[in-house]
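In: next comes the sequence, and after it the predicted model I'd like to discuss.
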Amino acid sequence: MNPDQLDQLDRSSNVNGQTCNLSEEFEKLAQFAAQAWKEDHPEAQADSQEDFEACVLYVTTEMATAGKAVGGVTGLALLCGEGSKAARSVCKRVFT
């Protein structure tokens, strides 16, 4: 997968007659992991860079595990940075 193909993940695509945006779907998946991390760390502070980075690390690891399990183009996208991008986005939301 080249960089142009990865950039297209932000755009909606038609899969089996269904329109989907993979970036949004990755964020939905990452939301579960981020919420689980937050519940396991009730002392986490919204203004703590260390807590934010710990959340991102946890969620990125979970997304990479999912990417490896799924395989194919979707798995490759998760392993090539889309999982980390989704993790940063949802961890920001979890801390607000």
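Out: Received, thanks.

In: quick one: residues in contact with the helix or strand where residue 88 lies.
Out: Per DSSP states H and E: residue 88 is located in helix 83-94. By Cβ atoms under 8 Å, 6 or more residues apart in numbering, the residues outside helix 83-94 that reach it are 23, 26-27, 29-31, 33-35, 37-38, 52, 55-56, 59-60, 63-64, 66-67. For the C-beta atoms, the positions are set from N, CA and C on the backbone; glycine is no exception.

In: quick check: mean pLDDT of it?
Out: The pLDDT scores in helix 83-94 average 96.

In: could you do stretch 25-45 as well?
Out: 96.

In: could I get the buried residue list for that stretch?
Out: Buried residues in stretch 25-45, defined by neighbour count with 16 or more other Cβ atoms under 10 Å: 26, 27, 29, 30, 31, 33, 34, 37, 38, 44.

In: in helices, which of those residues appear?
Out: 26, 27, 29, 30, 31, 33, 34, 37, 38 (DSSP state H).

In: number of residues surrounding the nearest residue in space to the fifth one that is not next to it in sequence?
Out: Yep, that's residue 31 we're talking about. Nearest non-adjacent residue to residue 31, counting by Cβ to Cβ, 6 or more residues apart in numbering: residue 90, 4.9 Å away. If you count neighbours by other Cβ atoms under 10 Å, residue 90 ends up with 26.

In: picking that back up, redo the buried residues of stretch 25-45 as TSV? Include distance to residue 85.
Out: Formatted as TSV, the buried residues of stretch 25-45 follow (distance: Cβ to Cβ, whole Å):
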residue	distance to residue 85
26	8
27	9
29	12
30	9
31	13
33	14
34	13
37	17
38	19
44	21
